[in-house]
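Undergrad: Kindly return the folded structure for what I paste below:
(2 chains)
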Amino acid sequence: MITKPKGTYDVIGNDAQKLERINRLIEYFCDFYNYEYIRTPIFEATDLFHRSVGDETDIVSKETYDFKDRSDRELTLRPEGTAGVVRSFIENKMYGTILPKKLWYNGTMYRYERPGNGRNREFTQFGVEILGSNDPAVDAEIISMPYRLFEELGIKDLNVKINNLGSKEDRENYKVALKKYLEPHLSELCEDCQRRFKTNPLRILDCKVDNNSEILKNVPSILDYQSEESTKRFNKVLEYLEYLDVDYEVDSKIVRGLDYYDYTVFEIVSETDALGGASTIAAGGRYNNLVATLGGPDTPCMGFATGLERVMLAMEDVDKRALDCYIMYVNEEEKIKAITLAQDLRISGVSVDYDTTGRSLKSQFKEADRNNAQILVILNSEDLKRGLITVKDNLTKEETKVDENEIIDYIISR
RNA sequence: GCGGAAUUGGUGAAGUGGUUAACACGCCGGAUUGUGGCUCCGGUAUGCGUGGGUUCGAUCCCCACAUUUCGCCCCA
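TA: Just a heads-up that it's a prediction; the model follows:
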């Protein structure tokens, strides 16, 4: 038997119902928040991710699906959505249109990782990007929108962790101070952190091994190394979040693994058991320099992305949608009536189904209940001869015989 | 990439080096010859992740691989 590739999965059963619900809600939200849909390619030039996400990041250095096509082009399956959107923004000269540009996407991403609970090699991210505004209200919207979406989906124990990375200059100043502080304690840190000290000292902050050590508890905070303007801006973001009733917590150790972030970064966390160790269900931040880095004009931007597989894990099961009508029959004459009546009802906007496996009438009743059918139509040759059809309300169990010519109107009126 | 655990029908699972692989749910059928959801009765894995090996004989022992899962790493 051929099985699915490692790290992929089929969305079936209740997961499929959850995903349908999520996707419907996403469209609804994006419409009301005034975002435009964008779809970009699933593979892009390898270089795009090296220049945006960063050569040195784990995602790019060891998790991408890279390949050459038949003309030896270097291509990569997208490991995240922002790079492609920004590339499209520049390539299609959207910076010349009315700004800000508010875009949303929802698609599969690929990372060659060890699969686990809420972690797959092919996974789905929904994300939005606001390009061309540095207003703190944008930051607040980018955080509050997914927060409200998750609330609407019934996800419990939501919390936003937020931090301010500041400008590149602010970060450089902080890195100097951080290194100065850590230097004497270097031998006390874990191996990974000793390596990070050279490559990316900020990442030591969210190390899980050393997190409880005295050294990291007393580490200088990045928030103390911000310019006045940056701090002022961050406080405004927090103020707006208060107004929007978002439950947040400033955490100066949130750094994120993608190089393009600056100023506001955040994670939305749910402590639901089903998520296990994968409690971050959405994350994002500002990337005011990315458009320029990729060759476009200076354009301040912010966005977030959420992993739908994790959202599904955090959700309660979704009830199957009820079927309006189930039609029952036994002989061929009745069956013909069943399939034609079903078609007429479906065209009239009534959801209908009927048996196609030769079940007994008894089993057809069971099948109707499994489908949570509201109305049962029980066809009977004797009745049909007199132009009548039996309709049973599956809640009240009331049964009536209706004239064949009025059956559709009768069912619609129920 | 590193370390641990698991893998038996549609599902949850018991089980033993040797005839027919428990039990439960589900599903199908019957009692009820065209009105169910209760009850009772019956049916429902030629197979125990895959490939090797040990053995007279393996689902059960050994090895490898795959997949899943937990932790590390990282992240959505």
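Undergrad: can I assume residue A:291 is in contact with residue A:90?
TA: Yes: checked against Cβ atoms under 8 Å, the pair residue A:291 and residue A:90 is within contact range at 6.4 Å. All C-beta atoms are positioned from the backbone trio N, CA, C, and that covers glycine.
Undergrad: More neighbours: those two, which one.
TA: More crowded of residue A:291 and residue A:90, by other Cβ atoms under 10 Å: residue A:291, with 24 against 19.
Undergrad: distance of the more buried one from RNA strand B?
TA: Applying Cβ to the nearest atom of the strand, to the nearest Å, the value for residue A:291 to RNA strand B is 18 Å.
Undergrad: quick one, domains of chain A?
TA: Per automatic domain parsing, the structural domains of chain A span A:13-166+A:226-314, A:325-413.
Undergrad: pLDDT on the longest one, on average?
TA: Over the span of domain A:13-166+A:226-314, the pLDDT mean works out to 93.
Undergrad: Break down the stretch 251-400 of chain A into its helices, ranges please.
TA: For the stretch 251-400 of chain A, the helices defined by DSSP state H, counting those that start in this stretch occupy A:290-293, A:308-314, A:332-347, A:361-370, A:381-385.
Undergrad: Report the closest residue of the stretch 251-400 of chain A relative to RNA strand B.
TA: residue A:257 (1.3 Å; Cβ to the nearest atom of the strand).
Undergrad: That residue and residue A:308, how far apart?
TA: 20 Å (Cβ to Cβ, to the nearest Å).
Undergrad: So the two - more neighbours on which side?
TA: residue A:308 (21 against 16).
Undergrad: Count the residues that sit near the closest residue in space to the more buried one that isn't next to it in sequence.
TA: Excluding its sequence neighbours, the residue lying closest to residue A:308 (Cβ to Cβ, 6 or more residues apart in numbering) is residue A:124, at 4.3 Å. Other residues lying near residue A:124 total 20 when counted by other Cβ under 10 Å.
Undergrad: Over to residue A:352?
TA: Under the neighbour criterion other Cβ under 10 Å, residue A:352 is assigned a count of 22.
Undergrad: can you pull the contacts of residue A:160?
TA: Contacts for residue A:160 (Cβ atoms under 8 Å, 6 or more residues apart in numbering) come out as A:143, A:147, A:241, A:246, A:247, A:248, A:249, A:266, A:267, A:268, A:269.
Undergrad: and residue A:411, that's in a helix?
TA: Yes: secondary structure of residue A:411 (DSSP: H, G, I helix; E, B strand; the rest coil): part of a helix.
Undergrad: That one contacts residue A:349, correct?
TA: No: Residue A:411 is beyond contact range of residue A:349, at 10.5 Å (criterion: Cβ under 8 Å).
Undergrad: So what pairs up with residue A:327 in the strands?
TA: Beta-bridge partners for residue A:327, by DSSP bridges, are residue A:354, residue A:377.
Undergrad: Compare neighbour counts for residue A:411 and residue A:349 and give me the winner.
TA: Neighbour comparison, residue A:411 and residue A:349: the larger count goes to residue A:411, with 22 against 8 (by other Cβ under 10 Å).
Undergrad: Return the residues of the stretch 101-250 of chain A in contact with RNA strand B.
TA: A:111, A:113-120, A:123, A:125, A:192, A:196, A:203, A:206-209 (Cβ under 7 Å from any atom of the strand).
Undergrad: before we move on, the earlier item: ranking the domains of chain A by burial, who's on top?
TA: domain A:13-166+A:226-314 (a mean of 18; mean count of other Cβ atoms under 10 Å).
Undergrad: quick revisit: most widely separated two among the contacts of residue A:160?
TA: Checked with Cβ to Cβ, the contacts of residue A:160 reach their widest spread between A:241 and A:269, with 15.2 Å between them.
Undergrad: What parts of the stretch 301-414 of chain A come near RNA strand B?
TA: Listed as neighbours of RNA strand B in the stretch 301-414 of chain A under the rule Cβ under 7 Å from any atom of the strand: A:305-307, A:309-310, A:328-331, A:334, A:359-363, A:365-370, A:376, A:378-381, A:390, A:392, A:394, A:397, A:399.
Undergrad: Check the secondary structure at residue A:109 for me.
TA: Secondary structure for residue A:109, judged by three-state DSSP, is strand.
Undergrad: Now it. Nearest residue, chain neighbours left out?
TA: Closest residue to residue A:109 apart from its sequence neighbours, by Cβ to Cβ, 6+ apart: residue A:125 at 5.2 Å.
Undergrad: would that neighbour count as being in a helix?
TA: No: secondary structure assignment (three-state DSSP) places residue A:125 in strand, not in a helix.
Undergrad: residues contacting it?
TA: Contacts of residue A:125 (Cβ under 8 Å, 6+ apart): A:80, A:81, A:105, A:106, A:107, A:109, A:305, A:306, A:307, A:308.
Undergrad: Just grab the bridge partners of it for me.
TA: For residue A:125, the beta-bridge partners under DSSP bridges are residue A:107, residue A:307.
Undergrad: how far away is the closest residue to residue A:388 other than its chain neighbours from residue A:198?
TA: Once flanking residues are discounted, residue A:388 sits nearest to residue A:401: 4.6 Å by Cβ to Cβ, 6+ apart. According to Cβ to Cβ, residue A:401 stands 84 Å off from residue A:198.
Undergrad: cool, residue A:305 as well?
TA: From residue A:305 to residue A:198 the distance is 29 Å (Cβ to Cβ).
Undergrad: roughly how far apart are the residue of the stretch 101-250 of chain A found nearest RNA strand B and residue A:274?
TA: Using Cβ to the nearest atom of the strand, the single residue of the stretch 101-250 of chain A nearest to RNA strand B is residue A:117, 2.9 Å away. Distance, residue A:117 to residue A:274, using Cβ to Cβ: 8 Å.
Undergrad: Then residue A:93?
TA: 44 Å.
Undergrad: got it, and residue A:396?
TA: For residue A:396, the distance to residue A:274 equals 38 Å [Cβ to Cβ].
Undergrad: Same check on residue A:359?
TA: Distance from residue A:359 to residue A:274, by Cβ to Cβ: 36 Å.
Undergrad: Over to residue A:332?
TA: For residue A:332, the distance to residue A:274 equals 49 Å [Cβ to Cβ].
Undergrad: ok, back up a step: tabulate the helices of the stretch 251-400 of chain A (TSV), appending distance to residue A:58.
TA: Rendered in TSV, the data for those read as follows (distance: least, Cβ to Cβ, whole Å):
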stretch	distance to residue A:58
helix A:290-293	19
helix A:308-314	19
helix A:332-347	51
helix A:361-370	46
helix A:381-385	69
